[in-house]
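S.K.: Sharing a model that was predicted from the sequence below.
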Amino acid sequence: MVKRSQLTGLTGLAEGGGSINIQGEEQKQLDVMTNEVLKRALRFTGKLGVLASEEEDVPVDVPSRKTDVMFDETSKYVAVFDPLDGSSNVDAGIPTGTIFGIFEHEEECVVENSSDMTEDEMKCLVNTLKPGTDLIASGYCLYSSSCFFVMTIGNGVYGFTLDENIGEFVLSHPNIKIPPTSKIYSFNEANMPQWDPPMRSTVEKWRLGTGASGNQFSSRYIGSMVGDVHRTLLYGGVFGYPSDKKNKNGKLRLLYEGAPMSYLMEQAGGLSTTGTERVLEIVPEEVHQRVPIVMGSRDDVQEIIDAYKNA
Ligand code: AHM
Ligand code: MG
């Protein structure tokens, strides 16, 4: 859909700009449609109990398990996802992606009417929100010059490339390991004056080549987390959206952006921190909660953690 969107009238805002998600962001047509496609595809696996999405106000109980023969006691997984991350870029043909995480969920939430939930029903659904340390799988799909599918099930990171000639994802990047030190940082540098002093001073050192590694850093920033994280995993680097004066929790969402990507990053031998906390250990209190993030090559992220510790 993304690839053909310029030809099929799927560019631009949903409902001519009238569709706003719970976070106050205008939804693009593709945000809405990719969310629907994912919901439907996940539902048809028959293994899904609850899902939470960037484009849904609250966690959603996958309906009619009781009556639908496809659903049985194996419907025990919770899927969290951002259906089209970086969608502000999509009309210009810049890479976008889908981010997902999978949790196990023992308790069954029976929701009678999802548009009018009782407090208990809502509590049950919110209880499905777990810290990243409980993820049993996570990954992303990157829609770029190739379509990549990169995932972990807790034993390393594996990258697949879609071979359109045969319609299959082919293992192209077995056991991805991020280089331990790097020369690339990837932040929205326009926010730098607003960053916390330890963050700012470390990046200033990297610019000058006076940081711990002595490397003179270069800057790469697409503004699409999936693309920036993909490059960071393969080439090494530090990607982030740190806390700033205006946005204490940065911009990225914990549940379906921060935690799944942090799980991948750690599985590839890298680190992911808020500056003061391991991102994977943060227990979400709400679906769309934001979290400051600095992730990537181990030694460089450690330098940021040390700078916060010493501050
Ligand atoms: P989105 O989920 O609404 O697309 O926002 C997330 C995106 C990330 O892909 C990217 O890292 C970040 O927002 C870029 O933000 P900014 O434009 O402030 O640099
Ligand atoms: Mg996003």
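M.R.: Thanks, I have it. Numbers count the residues shown, from 1 in each chain. Ligands and ions are numbered 1, 2, ... in the order given.
S.K.: going forward, measure contacts and count neighbours with C-alpha atoms only.
M.R.: OK.
S.K.: how about Tyr241, what does it touch?
M.R.: If a contact means CA atoms under 8 Å, 6 or more residues apart in numbering, then Tyr241 has Phe187, Asn188, Gly250, Lys251, Leu252, Pro292, Ile293, Val294 as its contacts.
S.K.: can you list contacts of stretch 21-34?
M.R.: 1-2, 10-15, 17-20, 55-57, 83-84, 87-88, 288.
S.K.: same thing but 7 Å
M.R.: Stretch 21-34 has contacts (CA atoms under 7 Å, 6 or more residues apart in numbering) with 10-14, 17, 19-20, 55, 57, 83-84, 87.
S.K.: Can you pull out the low-pLDDT segments for the stretch 1-150 of the chain?
M.R.: 63-74, 106-116, 121, 123-125, 127 (pLDDT under 70).
S.K.: mind redoing it with 90?
M.R.: 9-28, 40, 42-78, 89, 104-129 (pLDDT under 90).
S.K.: residues from it in reach of ligand 1?
M.R.: Residues of the stretch 1-150 of the chain lying near ligand 1 by CA under 6 Å from any ligand atom: Asp85, Gly86, Ser87, Ser88.
S.K.: let's see 8 Å
M.R.: Residues of the stretch 1-150 of the chain lying close to ligand 1 (CA under 8 Å from any ligand atom) are Glu25, Glu54, Asp82, Leu84, Asp85, Gly86, Ser87, Ser88, Thr96.
S.K.: With the stretch 201-311 of the chain instead?
M.R.: Residues of the stretch 201-311 of the chain lying near ligand 1 (CA under 8 Å from any ligand atom): 222-228, 240-241, 251-253, 257.
S.K.: Just the ones of the contacts of Tyr241 in strands?
M.R.: Ile293, Val294 (DSSP state E).
S.K.: can you list the contacts of Tyr241 in JSON lines and add neighbour count and distance to Lys177?
M.R.: Formatted as JSON lines, the contacts of Tyr241 follow (neighbours: other CA atoms under 10 Å; distance: CA to CA, whole Å):
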{"residue": "Phe187", "neighbour count": "20", "distance to Lys177": "21"}
{"residue": "Asn188", "neighbour count": "16", "distance to Lys177": "25"}
{"residue": "Gly250", "neighbour count": "19", "distance to Lys177": "27"}
{"residue": "Lys251", "neighbour count": "18", "distance to Lys177": "26"}
{"residue": "Leu252", "neighbour count": "19", "distance to Lys177": "24"}
{"residue": "Pro292", "neighbour count": "24", "distance to Lys177": "23"}
{"residue": "Ile293", "neighbour count": "27", "distance to Lys177": "20"}
{"residue": "Val294", "neighbour count": "29", "distance to Lys177": "18"}
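S.K.: Which member of the contacts of Tyr241 is positioned nearest Gly49?
M.R.: Using CA to CA, Leu252 comes nearest to Gly49 of the contacts of Tyr241, at 25.0 Å.
S.K.: Specify the residue ranges that define each domain of the protein.
M.R.: Following automatic domain parsing, one gets these domains for the chain: 5-128, 184-310.
S.K.: which of those domains is buried the deepest?
M.R.: Highest mean neighbour count of the domains of the chain: domain 184-310, a mean of 21 (counted as mean count of other CA atoms under 10 Å).
S.K.: I'd like to know how far Val229 sits from Gly270.
M.R.: 11 Å (CA to CA, to the nearest Å).
S.K.: Endpoint to endpoint, stretch 216-227 covers what distance?
M.R.: Start-to-end, stretch 216-227 (CA to CA) is 23 Å.
S.K.: pLDDT on that stretch, on average?
M.R.: Mean per-residue pLDDT for stretch 216-227: 98.
S.K.: Use 28 as the first number from now on
M.R.: Right, with 28 as the first residue, what we last looked at is stretch 243-254.
S.K.: Show which residues not belonging to that stretch make contact with it.
M.R.: Here stretch 243-254 makes contact (CA under 7 Å, 6+ apart) with 112-113, 122-124, 169, 210-215, 233-236, 255.
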